[in-house]
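Visitor: Sequence first, predicted model second:
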Amino acid sequence: MINTIKSMKKQISNLLAITVLSAFAWSCNQSDPKPKGDYVQGVFAINEGNFTSNDGSISFFARENTTSDADIFSTVNSRALNGGIQGYSVFDDKGVILVDNSASGQDKVEIVDANTMESLASIGTPDIENPRDVVAVSESKVYVSCWGNTGTYPNFFISNGYVAVIDLETNKVTKRIAVSKGIENMIYDNGKLFVGRVSYSGSNYLTVINTATNEVIRELGFNASPTPIGVDANGNLWVQAGLDLAKINPTTLEIVSTMKISSDASKTAGNFAFSNDRRTLYFVLSYYDANYVTHGATYKYGINESQVNVSTPVINRVFTGLAVDPLQGLIYAAVTPSYAQAGYAIRYRTDGTLVDSIKVGIAPTGFYFR
């Protein structure tokens, strides 16, 4: 009888163990689905790196963190990007990284799974040469501005540029739209792609491309190389050209108004970023001293103000990049101490008060938010 009772207890114990384990396994399968990846939501710092060292990278951190994961592409793929990182953006579940190598013929676009950072494809030369900016107009259609072949200073821009049209379904360039030299930033709005120029290009035209036909439909002239900033809450396109700030009707392509940022020709305006409500522009106004040390500050301008106020900075320092988080509304400012050490992402409230700082890669110049 005693042995029978022991046997029954052992069977019950085994049955309970099996039941608990089965319930645990079922619970894991039901409540813990396979994660999409480590990079579904957070902030990506675009680190240009030292140009001659080709050590650009992308850092990542969750918004609640104060430390970042360094060079996430290299960590996931066990190889470096091998170049300066000019841009990163995500469309649907694919990410596009622009890689500009200091050696001729080594430039590329790296296409990754945006959720895991796993490499899916690379597009190199001759399709991609000196990539500068990336913009998507649909889940499958991406535009990349390219300088093309370049020379040495002072004859740097020895050829015209082009905009490469990439099909993200095939991961191939379907067309190269020829434009004039030194193209840089791009803004898309309602069927039109506005393509600007880098400040030292010597080209003062804003190119307008019809994205339905992939043809250039207009070249708008300015007194200096233009940089399209974005479309405001009223539907106007803002363009910076030297120390001028222009407001353009993107439908008629007429310049609505132009105002002076500063009358001091020794200063340079740059790193413009819209606030979340697209009613305020943040920007850096800077200059070099005799020892080539950068000085200046960061200002803001309301789109309905009659003039730009550069007497009272919102943040009393300069940055190598600015962006505003669309989720939290914080200002993200990039700091580059040197081209041989890690930089920082510094977070500010919109009134300029400091939140915190996060160490990222070498020479951060921008941010992408998910």
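Guide: Sure thing, it's come through. Given the structure is predicted, the values throughout are model-derived calculations rather than measurements. Numbering: from 1, shown residues only.
Visitor: can you map out the strands along the stretch 151-300 of the chain?
Guide: Ranges of strands within the stretch 151-300 of the chain are 161-167, 172-179, 183-189, 192-197, 205-210, 215-221, 226-231, 237-241, 244-248, 255-260, 268-274, 280-288, 294-302, based on DSSP state E, counting those that start in this stretch.
Visitor: Pick the most buried one from those.
Guide: Sort the strands of the stretch 151-300 of the chain by mean neighbour count, taking mean count of other CB atoms under 10 Å, and strand 192-197 sits at the top with a mean of 26. C-beta coordinates here come from the backbone N, C-alpha and C atoms, glycine included.
Visitor: List the backbone torsions phi and psi for Ile72.
Guide: The phi and psi values for Ile72, taken as degrees, to the nearest 10, are phi -70, psi -30.
Visitor: That one - how many residues pack around it?
Guide: Residues near Ile72, counting by other CB atoms under 10 Å, number 21.
Visitor: ok, now Asn204?
Guide: Asn204 has 18 nearby residues by other CB under 10 Å.
Visitor: Quick one: low-confidence residue ranges for the stretch 1-150 of the chain.
Guide: 1-36 (pLDDT under 70).
Visitor: nearest residue to Gln86 other than its sequence neighbours?
Guide: Nearest in space to Gln86, with sequence neighbours left out and distances taken as CB to CB, 6 or more residues apart in numbering, is Leu98 at 4.1 Å.
Visitor: what sits opposite the one you found in the beta ladder?
Guide: Per DSSP bridges, residues listed as beta-bridge partners of Leu98: Gly87, Val109.
Visitor: My read is that it contacts Val144, right?
Guide: Yes. Counting by CB atoms under 8 Å, Leu98 touches Val144, with 6.7 Å between them.
Visitor: Common neighbours of the two, please.
Guide: Contact criterion CB atoms under 8 Å, 6 or more residues apart in numbering; residues shared by Leu98 and Val144: 109, 131-134.
Visitor: Out of these, name the ones that lie in strands.
Guide: Per DSSP state E, strands hold the following members of the shared contacts of Leu98 and Val144: 109, 131-134.
Visitor: I'd like the residues you listed written out as JSON lines, with distance to Gly151 and neighbour count added.
Guide: As requested, these are exported to JSON lines (distance: CB to CB, whole Å; neighbours: other CB atoms under 10 Å):
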{"residue": "Val109", "distance to Gly151": "23", "neighbour count": "24"}
{"residue": "Pro131", "distance to Gly151": "18", "neighbour count": "24"}
{"residue": "Arg132", "distance to Gly151": "17", "neighbour count": "22"}
{"residue": "Asp133", "distance to Gly151": "21", "neighbour count": "21"}
{"residue": "Val134", "distance to Gly151": "24", "neighbour count": "22"}
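Visitor: that older thread, list the contacts for the residue nearest to Gln86?
Guide: By CB under 8 Å, 6+ apart, the contact set of Leu98 is 85-88, 109, 131-134, 144.
Visitor: Can you give me the neighbour number for Gln307?
Guide: Around Gln307 there are 10 residues (other CB under 10 Å).
Visitor: before we move on, what about the one 4 residues further on?
Guide: For Ser311, the neighbour count with other CB under 10 Å is 6.
Visitor: go on, Ile85?
Guide: 29.
Visitor: all helices for the chain, in order.
Guide: Along the chain, counting by DSSP state H, helices occupy 2-31, 72-77.
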